[in-house]
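Asker: Sequence below, structure please.
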Amino acid sequence: MEAAVPPVAAPSTDPWLAPKRWWQLAAVALVLVAGALLATIPVYAGSSTAMSDGTTTTVDSNATLFAVNGPAAVLPLVLPLLLAALPLPWRGKAWQVTSIVSAAVLWVFCLLAGFTIGLWMVPAAVCALVAACLPVRPERTGAAS
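Answerer: Numbering: from 1, shown residues only. Alright, predicted model coming up:
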């Protein structure tokens, strides 16, 4: 008696699940991770020295992005998220165009904000660039039998 072999599922033809989309989703995930880290870990460090009665006292301090900048710190964290997510709702030619625009503007953001939070967004920008270089529809390989 032979064991029943389950049928092999055909690869998905839905372009929404194309490798391009996975790279874009990875960019969004990396922006979310970077934003969460920047919002919670101390990214500012300071030191103050005071001299009183011949005694020198040095106080080291650390602060988070929100502690120093207040609610305004949300904007530079949301902007890369919006840029990385820009191509996700689109299909076809608009998908390709928004992928290129998203990657280019995300790289500009990384360069302009490079000395603050831009460096944290570089992994997401790399994923967005890979996604922009991939075709909308992956090429089929092999002949149908």
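Asker: so what's Ala73 up against?
Answerer: Each residue near Ala73 by CB atoms under 8 Å, 6 or more residues apart in numbering is listed here: Ala39, Leu65, Phe66. Quick note: C-beta positions are derived from backbone N, CA and C, even for glycine.
Asker: Could you measure from the residue nearest to the second one when sequence neighbours are not counted over to Trp23?
Answerer: The reference is to Leu65. Closest residue to Leu65 apart from its sequence neighbours, by CB to CB, 6 or more residues apart in numbering: Ala73 at 4.6 Å. The gap separating Ala73 from Trp23 is 28 Å, by CB to CB, to the nearest Å.
Asker: one step back: from the contacts of Ala73, keep the buried residues only.
Answerer: Leu65 (16 or more other CB atoms under 10 Å).
Asker: Need the contacts of Ala73 in TSV (columns: secondary structure and pLDDT).
Answerer: As requested, these are exported to TSV (DSSP: H, G, I helix; E, B strand; the rest coil; pLDDT from 0 to 100):
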residue	secondary structure	pLDDT
Ala39	helix	89
Leu65	helix	86
Phe66	helix	85
